[in-house]
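Chemist: this one's sequence-less:
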Ligand code: PMP
């Protein structure tokens with residue numbers, strides 16, 4: 001709030017679980033090189049911008065009407081994309097879409113979590129999983145992760161068996177650490193989650209297009225309580241669009257419709273997403289470029305003697321910054337050189353999003369200077 005503000009959040013009769021909490025708040029700073037929110041650095045190509053304009057113009061003529069509540073054309077196009085790239089056939093009935101995968105996750109928690117229920121994830125992971133849990137009255141449980149940020153299958157399944165959560169989150173590739181979870185571990189966690197209750201398992205694959213490995217989509221076969229969550233914010237370079245989606249058993253798609261707001265996906269959003277999907281091949285070429293830049297960043301940071309977590313995503317976690325005032329002081333020094341990276345609160349580590357080759361060079365130069373300064 002502003003300095004002259006007299007009434008504070010905690011003066012309001014807010015729900016108990018929101019007292020003393022902070023909102024999601026990655027800094028949106030105006031600096032030359034912004035590598036802090038895992039966005040795609042490439043603006044959409046001109047031909048796609050044209051196509052969006054055309055599709056949105058068409059949609060604008062009908063804005064007096066509510067949009068297609070079931071987003072049938074869009075979900076069909078998303079199903080085709082998943083079928084083509086995911087090594088598993090997916091149809092309209094398996095797919096649901098919402099305003100960003102954050103909204104998908106919120107709808108899942110409204111459906112399968114809620115007061116008296118629990119959700120479990122393995123931290124450090126995507127900070128919105130616990131935040132959306134809290135927002136939906138779902139109690140959050142932090143599961144174990146090894147010191148190298150991988151999941152120990154035995155420890156992880158034991159946590160599920162012990163806590164019997166209603167929803168299990170597996171972020172793969174994981175944010176902010178970058179590493180993917182092997183399919184065998186996901187299988188084991190799913191089994192543990194079914195023995196325990198049964199409960200829903202949500203695989204958050206926001207970054208899967210950047211992975212060296214495959215999507216978990218084939219695991220949907222015979223697993224009606226598994227949900228794979230995806231987004232157009234990263235690989236499709238469309239964070240501003242706000243389009244997330246899921247693939248699951250048709251019953252899950254039916255169930256989330258009990259909580260979705262009617263007409264939640266605007267006609268403009270649906271038109272824009274459809275245009276972007278028409279340009280999938282072009283957009284995926286940028287993904288290839290980003291993957292090789294990601295691998296270059298890993299190599300160069302290791303050459304600078306940093307500890308770098310294996311990355312299957314469009315970002316890289318590096319450290320360690322245990323002295324020198326910790327990661328936040330180093331974050332500030334890098335920022336002083338015009339490069340914004342992310343301090344996710346992981347002890348001794350920072351995270352950098354893969355940018356264009358020029359941005360990555362600027363980042364590496366800044367890191368080299370800071371390293372020299374501190375040595
Ligand atoms: N899941 C993960 C793991 C993420 O990192 C993000 C974005 N930072 C999201 C979901 C949400 O993305 P969006 O709402 O833009 O689809």
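Modeler: That came through fine. Note that the coordinates shown come from a computational prediction; the quantities given were computed from them, not determined experimentally.

Chemist: and the longest helix for this protein?
Modeler: For the chain, the helix with the greatest residue count under DSSP state H is helix 280-303.

Chemist: what is it packed up against?
Modeler: Other helices and strands packing on helix 280-303, by 3 or more C-beta pairs under 8 Å, 6 or more residues apart in numbering; DSSP states H and E, are helix 46-60, strand 307-308, strand 315-319, helix 357-374. C-beta: built from backbone N, CA, C; applies to glycine.

Chemist: now do the helices in the stretch 1-150 of the chain.
Modeler: Counting by DSSP state H, counting those that start in this stretch, residue ranges of the helices within the stretch 1-150 of the chain are 46-60, 72-85, 100-112, 128-135.

Chemist: closest one to residue 146 among these?
Modeler: Proximity of those to residue 146 was assessed by C-beta to C-beta; the nearest stretch is helix 128-135, lying at 19.0 Å.

Chemist: give the buried residues for the longest helix of the chain.
Modeler: Buried positions in helix 280-303, judged by neighbour count with 16 or more other C-beta atoms under 10 Å: 280, 283, 286-287, 290-291, 293-294, 296-298, 300-301.

Chemist: go on, stretch 114-121?
Modeler: 114, 117-121.

Chemist: from those, which is closest to residue 158?
Modeler: Nearest member of those to residue 158, counting by C-beta to C-beta, is residue 120, at 11.6 Å.

Chemist: who's the closest one bridged to?
Modeler: residue 141, residue 168 (DSSP bridges).

Chemist: surely it and residue 144 touch.
Modeler: No. Using C-beta atoms under 8 Å, residue 120 makes no contact with residue 144, being 10.3 Å away.

Chemist: and residue 169, how many neighbours?
Modeler: 29 (other C-beta atoms under 10 Å).

Chemist: grab the nearest non-local neighbour of it.
Modeler: Once flanking residues are discounted, residue 169 sits nearest to residue 121: 3.8 Å by C-beta to C-beta, 6 or more residues apart in numbering.

Chemist: ok, whatever residue of the stretch 1-150 of the chain ends up closest to the ligand - contacts?
Modeler: The ligand sits closest to residue 100 of the stretch 1-150 of the chain, with a gap of 2.7 Å, by C-beta to the nearest ligand atom. Neighbouring residues of residue 100 by C-beta atoms under 8 Å, 6 or more residues apart in numbering: 231, 233, 242-244.

Chemist: which element is the residue nearest to residue 144 when sequence neighbours are not counted on?
Modeler: Spatial nearest neighbour of residue 144, excluding adjacent residues (C-beta to C-beta, 6+ apart): residue 155 at 4.7 Å. Residue 155 is part of helix 153-163, with elements assigned from DSSP states H and E.

Chemist: so what touches that helix?
Modeler: Helix 153-163 has contacts (C-beta under 8 Å, 6+ apart) with 118, 120, 122, 141, 143-144, 146, 168, 184-185, 188-189, 191-193, 195-196.

Chemist: roughly how far does the closest residue to residue 220 other than its chain neighbours sit from the ligand?
Modeler: If you skip the residues right next to it in sequence, residue 220 has residue 226 as its closest partner in space, 5.7 Å away by C-beta to C-beta, 6+ apart. The gap separating residue 226 from the ligand is 16 Å, by C-beta to the nearest ligand atom, to the nearest Å.

Chemist: phi and psi next, for residue 255.
Modeler: Reported as degrees, to the nearest 10, the phi and psi values for residue 255 are phi -70, psi -40.

Chemist: ok, it - contacts?
Modeler: Residue 255 neighbours (C-beta under 8 Å, 6+ apart): 111-112.

Chemist: go with 10 Å
Modeler: 96, 107-108, 111-112, 200, 248-249 (C-beta atoms under 10 Å, 6 or more residues apart in numbering).

Chemist: and these, which of them are buried?
Modeler: Buried subset of these (neighbour count, 16+ other C-beta under 10 Å): 96, 107-108, 111-112, 200, 248-249.

Chemist: quick one: the closest residue to residue 122 other than its chain neighbours and residue 209, what's the gap?
Modeler: Ranked by C-beta to C-beta, 6+ apart and with sequence neighbours excluded, the top spatial neighbour of residue 122 is residue 143, at 4.3 Å. Separation of residue 143 from residue 209 (C-beta to C-beta, to the nearest Å) stands at 26 Å.

Chemist: the residue nearest to residue 169 against residue 175, yeah?
Modeler: No. Contact criterion C-beta atoms under 10 Å: residue 121 and residue 175 do not qualify, at 11.2 Å.

Chemist: pull the contacting residues for the residue nearest the centre of the chain.
Modeler: Most central in the chain under C-alpha atoms, centre = their mean is residue 206, positioned 4.2 Å from the mean C-alpha point. Contacts for residue 206 (C-beta under 10 Å, 6+ apart) come out as 38, 100-102, 105, 126, 171-175, 229-235, 244, 313-314.

Chemist: let's see which of those end up in strands.
Modeler: Judged by DSSP state E, the contacts of residue 206 include 171, 229-231, 244 as members of strands.

Chemist: any chance of CSV for those, columns distance to residue 328, neighbour count and pLDDT?
Modeler: What follows is the ones in strands among the contacts of residue 206, written out as CSV (distance: C-beta to C-beta, whole Å; neighbours: other C-beta atoms under 10 Å; pLDDT from 0 to 100):
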residue, distance to residue 328, neighbour count, pLDDT
171, 23, 26, 98
229, 30, 24, 98
230, 32, 30, 98
231, 28, 25, 98
244, 30, 24, 98
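
Chemist: now the residues you listed as CSV including distance to residue 42?
Modeler: Below are these laid out as CSV (distance: C-beta to C-beta, whole Å):
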residue, distance to residue 42
171, 24
229, 23
230, 19
231, 16
244, 20
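
Chemist: having no further points to raise, I will conclude here.
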